[in-house]
Each structure stands twice: as C-alpha cells, then as structure tokens.
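Q: Show me how the following folds:
(2 chains)
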Amino acid sequence: QQQVKQSPQSLIVQKGGISIINCAYENTAFDYFPWYQQFPGKGPALLIAIRPDVSEKKEGRFTISFNKSAKQFSLHIMDSQPGDSATYFCAATTLYTDKLIFGTGTRLQVFP
Amino acid sequence: DGGITQSPKYLFRKEGQNVTLSCEQNLNHDAMYWYRQDPGQGLRLIYYSQIVNDFQKGDIAEGYSVSREKKESFPLTVTSAQKNPTAFYLCASGDARKVNTGELFFGEGSRLTVL
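A: This is a model prediction of the structure:
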C-alpha cells in the first residue's frame, strides 16, 4: 500500500529524443507527487511536482502526466540532452503525513 | 550560502565499530530526515525529526540511532547492530509547513564502506 513502483530501472535515449519514466501507486490517500533528479555523487533535488486534481504539468522540457483512475503518473523529458543524464526518482506523500515515499529510481543516460 | 552540509563525504569502518554521520543545515527548517540509498532500492527512510528533542523511526531504523539536540543538527549513528551498513546516506530537511508537499532539500551524502 505504501509502495511507489517505478520503471524502467534504466533508460538510454539519444540526444533530442523523449525520455519517459513511469510510476504507479496503490494508496489512494497519496495527494502530492514530486519528482527528484540526482546527479552522480550528489543529493537529489526537487525537479517538478503535481497534485492529482491536475492531469498534466509542464515546466520547460519536463512534463508530468497524471492518471488518477489508473493510479499512475509519468515524467516526460522532451528534447533530451546529455546534461539530463541522471537518476530520477518519483515520490508520493499525503497532506497528513511527514513522510515521502520514493520509487526505486531510473538511471537515464542521454547519448549525443 | 544556505544549505545542508553532510560530513564526512567518505567513511571507512571496520566491522563492529559505531560511526556517526554529521548533518547540519542553515535553512532554518524544523524537519530533518535521514535516508539510505542502495542501488535499485531507491531512498529508504531511516529516521526523521519534526522538532528539537523529538524524532521518529522510519522504515529501516534497526541498527541506527539519532539525536536532535539543536534545530540545525541531526547526526546519525550507524551502530554495530546494523547488519549491512555499507551504503550512501542522505540527510534532508524541509519547512514543516511544506514538507507534506514533498519539498525536501538534500545534502550531498556520505558514503559509508564497512571493511
């Protein structure tokens, strides 16, 4: 119930392509879904987040799509660049908890 | 500069020894967290604290201990009771008013290797 399942574990994309990372959850009490980006040897940093009352949120080349009925959400990186190469974590939380539940991470590599 | 400072960045320990990882923040955040990161397992919560002198166990607290004597500091001790302590440890903090919206700020991590 508390898990957030993330796929794929790793992803290789050519420069200019679209990177897609998917997450699924079971707990319908989750009501906030952030994505974190982590570069090697660094801590994760908040990238973008969405609430379930919104089906899509876009910030630059990064878009979150949210499907409440399917309990799934995904991160799309348009025009992927080598500088986007990092590990991406989806996460979920509720307004009534102090804990953030993370997915298992996706290692993205973008080749020129 | 405001942020979270973790030290040491790399640490080697012999089996049977306790080791303490430091985490200091100057963001004036009430909430602080310790996560453990292992390949393929994401980030797992060890302990968290919402206020000075109070803390709660996370999902994998066994073999770890923490203290929160000051708002700025949240050290983590990895004890000899932790069966598999080799990992990358991340400290995070957040504004208590925003923490339940998923907005955490992370340090750069401490990599612990048990020899």
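Q: Would you work out how far apart the start and end of stretch A:69-78 are?
A: With C-alpha to C-alpha, to the nearest Å as the measure, stretch A:69-78 spans 25 Å from end to end.
Q: Mind listing what's buried along it?
A: Of the residues in stretch A:69-78, A:Lys71, A:Phe73, A:Ser74, A:Leu75, A:His76, A:Ile77 count as buried by neighbour count, 16 or more other C-beta atoms under 10 Å in any protein chain shown. No exception for glycine: its C-beta is placed from N, CA and C like everyone else's.
Q: Please name the residues that touch the residue of chain A found nearest chain B.
A: When distances are taken as C-beta to the nearest C-beta, chain A reaches nearest to chain B at A:Gly43, 3.1 Å away. Contact partners of A:Gly43, counting by C-beta atoms under 8 Å, 6 or more residues apart in numbering or on different chains, are B:Ile4, B:Leu90, B:Ala92, B:Phe106, B:Gly107, B:Glu108, B:Gly109.
Q: Quickly name whichever of those residues is closest to chain A.
A: For the contacts of A:Gly43, the nearest to chain A is B:Phe106 (3.1 Å; C-beta to the nearest C-beta).
Q: tell me the contacts of A:Val54?
A: Taking C-beta under 8 Å, 6+ apart as the test, what A:Val54 contacts is A:Phe66.
Q: That one and A:Val110, how far apart?
A: 27 Å (C-beta to C-beta, to the nearest Å).
Q: Same question for A:Glu56.
A: The value you get for A:Glu56 to A:Val110, if C-beta to C-beta is used, is 23 Å.
Q: Have a look at the two and say which one is more surrounded.
A: A:Val110 (20 against 11; other C-beta atoms under 10 Å in any protein chain shown).
Q: Go through whatever helix or strand that one lives in and flag the buried ones.
A: A:Val110 belongs to strand A:106-111 when elements are defined using DSSP states H and E. Buried residues in strand A:106-111, counted by 16+ other C-beta under 10 Å: A:Thr106, A:Arg107, A:Leu108, A:Val110.
Q: got it, and stretch A:92-105?
A: A:Ala92, A:Thr93, A:Thr94, A:Asp98, A:Lys99, A:Leu100, A:Ile101, A:Phe102, A:Gly103, A:Thr104, A:Gly105.
Q: and the residue lying closest to B:Gly63 once chain neighbours are set aside, which of the three is it?
A: Leaving aside its chain neighbours, B:Gly63 sits nearest to B:Gln82 (2.9 Å; criterion: C-beta to C-beta, 6 or more residues apart in numbering or on different chains). Under DSSP: H, G, I helix; E, B strand; the rest coil, B:Gln82 falls in the coil class.
Q: residues contacting B:Gln82?
A: B:Glu62, B:Gly63, B:Tyr64.
Q: Also B:Lys71?
A: Per C-beta under 8 Å, 6+ apart, neighbours of B:Lys71: B:Asn28, B:Asp30, B:Val52.
Q: before we move on, back to that, what would the buried residues of stretch A:69-78 look like in JSON lines with pLDDT and secondary structure?
A: JSON lines is the format used below for the buried residues of stretch A:69-78 (pLDDT from 0 to 100; DSSP: H, G, I helix; E, B strand; the rest coil):
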{"residue": "A:Lys71", "pLDDT": "94", "secondary structure": "coil"}
{"residue": "A:Phe73", "pLDDT": "96", "secondary structure": "strand"}
{"residue": "A:Ser74", "pLDDT": "97", "secondary structure": "strand"}
{"residue": "A:Leu75", "pLDDT": "98", "secondary structure": "strand"}
{"residue": "A:His76", "pLDDT": "98", "secondary structure": "strand"}
{"residue": "A:Ile77", "pLDDT": "98", "secondary structure": "strand"}
